[in-house]
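Undergrad: Model the structure of this input:
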Amino acid sequence: MSNSIDTRAINAIRILSADAIQKANSGHPGLPLGAAPAAYTLWSKVMNHNPKDPKWENRDRFILSGGHGSMLLYSLLHLFGYGLTTEDLANFRQLDSLTPGHPEYRHTVGVEATTGPLGAGMAMAVGMAMAEKHLASVFNKENFPVVDHYTYVLGGDGCMMEGISYEAFSLAGTLGLSKLIVLYDSNDISIEGGTNIAFRENVQKRFEAFGFQTLRVEDGNDPDAILAALEEAKADTTRPSMIEIKTKIGAGCPAKEGKASAHGEPLGVDNVAALRENLGWEDSTPFAVPQEIYDHIAGIVAEKAKTEDAWNALFEDYKKAFPEMAELWAKYHDEDSAKVLYDDETFWNMADAPEATRNLSGKLINYMKDKIPNFFGGAADLAPSTKTYMKDLGDFSKETPDGSNLHFGVRELAMAAIGNGIWLHGGLRPFVSTFFVFSDYVKPMARLSALMQVPLTYVLTHDSIGVGEDGPTHEPIEQLAMFRAMPNFYAFRPADATETAAAWYYAVTSKTTPCALVLTRQNLPQLAGSSREALKGGYILEDSTKETPDAIIIATGSEVQLAVEARKQLLTEGIDVRVVSMPCMDLFNDQPAEYKEAVLPASVTKRVAAEALATFGWERYVGLTGKIVGMTTFGASAPASLLFPKFGITTEAVVDAVKAQF
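TA: Residues are numbered from 1 along each chain as shown. As a prediction, this is how the structure comes out:
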């Protein structure tokens, strides 16, 4: 090893991790023990970061993709002065602690992304590297590299097995993300035993095929070799790099080293004592670290602070030399920049003739791109269909990193994770897009968006059986119920141009809630009663002439027009109903009780909900006696004009459902 103090600092990570996991009687010691030399070497000798300013824009990013090894990260955050105390480490995995079982963004200072599902951190790191490359192309000037940092991600065999890593790294290689460096903790062990029971491929060859520089460190306990590999990785300015570091899971614990049992259970009191003895760690007091180690790392941190000081001075000179770029920088980093759209009449009046909401969304995107300069997004090979291409802004590629249109390829799962990573990096307002039915591929990473409070926008088109001839494989049924069930995730299904504008306005001004815009393929009429009240999630579109309506029809998207037509028919039969458009259930649920009662008075129990999707969830609005016009089966392959009557999604069905309650 390089020197005794570095060796002792590495062992401090191991001891703190083992102690915390043992005290919690829960956790994963294998990764922290095996990967401690690599992590310490990276944090102490390579990474630019400043614990006194954890959000410094030009810091290097570090993501622990193998989130189960969270004590590795918490030990680093503690030793490097990010604010985690010894008490925090002792409360590992306990209620309301700053050290939950897997790292959580916004919860613990220094955690760049919420990681848990294996491979997710790998894909989010790709997003961060994409953001860095794009922002560098926009802002850097000769002698002023104001955006110039690396993204490092650490994970193991499990991350490499997950399909999301294949998707994301294939794209990373294509894009030439040379400031992405992957540290592969390669120990040949998974929960069930040796990885050869299910994983025998040559990972180096795979990454070569992706277009990565590939490096290998034979001894993961050799910081000098690790440092040399990191420096070689940084030296390649055309390719991302993957460093395979051969480690032993549970390194340093005689009874557990190299065994599957080291992965996901505490070492045991006796084995923790044996670890101390084997490492020459004299103090048996849990969580005790010699002051000289803290002092040593404090010296490293003080030097790293100078790197930020130098950058701050550079940026001050940059602002003087390029005041227009400084102004643009401020706009890129202003979370409220999109609020100008609220008073923009053009934005709210995009159409007066029937049009598909996917087309309306496309018009809005191309209008907003001139108001929101840091718009950055695209589709999973579907931009011509989802209408998400931004004209005149170019394509983001290896050769043209200043382009703003992203081509994710047919990689929906990685796309969503990459979108999260772009937002987590900062400075950009990303969106991603695919067909609504493929949100099944998107959902795990949309869940992470919600969990992290990352307001990523998901543009999901072809929203119902209106897809038509492509048939049931492409016709979403239960997907909207899935999104509505997810905490802190708002799904909008707008009925016309005004409601589509409202959905987009909410999406681009949201600070903590991701949104899905669920949009039609088929044309929909512009509704006379639609308004910015759609920003309340549900509102009265057309009202009864009576003080108390005879009944209420609630609808979303393409079925709102059915509700309006049904109201006309019912009025001729002496039934006077209220029509409520509800583009976003979750947003409506957030409104004050008084507003919800005003829209859906409890005294009116005769209710019908209409939506060409699964009926699940509408019971909360129609009650036990109300009716739901919707889908209870999968769709079929035929023109949309035939499918709606086939499945009973018609004006007549809505009328009959109302009349059945009288």
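
Undergrad: For the top helix by length along the chain, the averaged confidence score.
TA: Assignment by DSSP state H gives helix 291-321 as the longest helix of the chain. For helix 291-321, mean pLDDT rounds to 98.

Undergrad: list the helices and strands that helix packs on?
TA: On a contact count with 3 or more CB pairs under 8 Å, 6 or more residues apart in numbering; DSSP states H and E, helix 291-321 meets helix 4-24, helix 70-79, helix 323-332. The way it works is simple: take the backbone N, C-alpha and C, and place the C-beta from them, glycine included.

Undergrad: Report the buried residues of the helix or strand following the second one.
TA: The reference is to helix 70-79. With elements assigned by DSSP states H and E, the helix or strand that comes after helix 70-79 is helix 86-90. By neighbour count on 16 or more other CB atoms under 10 Å, the buried set for helix 86-90 is Asp88, Leu89, Ala90.

Undergrad: other SSEs contacting helix 86-90?
TA: With contacts taken as 3+ CB pairs under 8 Å, 6+ apart, helix 86-90 sits against helix 4-24, helix 70-79.

Undergrad: returning to that earlier point: need the winner for burial among the helices and strands packed on helix 291-321.
TA: Greatest average neighbour count among the helices and strands packed on helix 291-321 goes to helix 70-79 (a mean of 27), per mean count of other CB atoms under 10 Å.

Undergrad: contact partners of stretch 276-291?
TA: Applying CB atoms under 8 Å, 6 or more residues apart in numbering, the contact partners of stretch 276-291 are 8, 11-12, 14-16, 19-20, 22-23, 79, 86, 89-90, 252-254, 273, 275.

Undergrad: still on that earlier bit, possible to save the helices and strands packed on helix 291-321 as JSON lines with distance to Leu215?
TA: Listed next are the helices and strands packed on helix 291-321 as JSON lines, based on distance: least, CB to CB, whole Å:
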{"stretch": "helix 4-24", "distance to Leu215": "20"}
{"stretch": "helix 70-79", "distance to Leu215": "21"}
{"stretch": "helix 323-332", "distance to Leu215": "34"}
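
Undergrad: Hmm, Glu257 is touching Lys248, no?
TA: Yes. Counting by CB atoms under 8 Å, Lys248 is a contact partner of Glu257 at 5.2 Å.

Undergrad: and those two? which has more neighbours close in?
TA: Lys248 (21 against 18; other CB atoms under 10 Å).

Undergrad: just to revisit the earlier point, with respect to Thr214, which of the helices and strands packed on helix 291-321 lies nearest?
TA: With CB to CB as the criterion, Thr214 lies closest to helix 70-79 of those, at 23.4 Å.

Undergrad: Mind giving me the packing neighbours of the closest one?
TA: So helix 70-79, by 3+ CB pairs under 8 Å, 6+ apart, packs with helix 4-24, helix 30-41, strand 61-64, helix 86-90, helix 291-321.

Undergrad: contacting residues around that helix?
TA: Identification of contacts with helix 70-79 by CB under 8 Å, 6+ apart yields 9, 12-13, 16-17, 20-21, 27-29, 31-32, 35-36, 39-40, 43, 64, 83-86, 88-89, 92, 99-103, 108-111, 289, 293-294, 297.

Undergrad: Ok, stretch 333-353 next?
TA: Stretch 333-353 has contacts (CB under 8 Å, 6+ apart) with 57, 331, 360, 363-364, 367-368, 371-374, 426-427, 429, 496-498, 500-501, 505, 508-509, 511, 526, 532.

Undergrad: quick one, phi psi at Leu279?
TA: Per-residue torsions, Leu279: phi -90, psi 0 (degrees, to the nearest 10).

Undergrad: where does it land on pLDDT?
TA: Per the predicted model, pLDDT is 97 at Leu279.

Undergrad: cool, and Val564?
TA: Note on Val564: pLDDT of 98.

Undergrad: Please look at it and Ser581 and confirm they touch.
TA: No. Under the criterion of CB under 8 Å, Val564 is not in contact with Ser581, lying 9.2 Å apart.

Undergrad: Looking at those two, which is more packed in?
TA: Taking other CB under 10 Å, Val564 and Ser581 do not tie; Ser581 has more neighbours (31 against 22).

Undergrad: so where's this structure shaky on pLDDT?
TA: In the predicted model, the chain carries pLDDT under 70 at residues 1-3.

Undergrad: how distant is stretch 560-571 from the center of its chain?
TA: Distance of stretch 560-571 from its chain centroid, counting by CA atoms, centre = their mean, to the nearest Å, is 40 Å.

Undergrad: Need the overlap of contacts for Val564 and Ser581.
TA: Any residue near both Val564 and Ser581 by CB under 8 Å, 6+ apart counts here, and that gives Leu527, Gly529, Leu541.

Undergrad: what would these look like in a markdown table with neighbour count?
TA: Converted to a markdown table, the shared contacts of Val564 and Ser581 look like this (neighbours: other CB atoms under 10 Å):
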| residue | neighbour count |
| --- | --- |
| Leu527 | 20 |
| Gly529 | 17 |
| Leu541 | 27 |
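
Undergrad: Inside helices: which ones of the residues you listed?
TA: Judged by DSSP H, helices contain none of those.

Undergrad: I'd say Arg567 and Val579 touch.
TA: Yes. Assessed by CB under 8 Å, Arg567 is found in contact with Val579 at 5.3 Å.

Undergrad: Could I get the full set of strands for the stretch 351-500 of the chain?
TA: 355-356, 375-379, 405-407, 429-435, 457-461, 490-492 (DSSP state E, counting those that start in this stretch).

Undergrad: Mind jotting down where the helices sit in the stretch 201-350 of the chain?
TA: Applying DSSP state H, counting those that start in this stretch to the stretch 201-350 of the chain gives helices spanning 203-210, 223-235, 269-279, 291-321, 323-332, 345-348.

Undergrad: TSV please, covering the ones you listed and showing distance to Lys659.
TA: Formatted as TSV, these follow (distance: least, CB to CB, whole Å):
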stretch	distance to Lys659
helix 203-210	61
helix 223-235	71
helix 269-279	73
helix 291-321	68
helix 323-332	55
helix 345-348	36
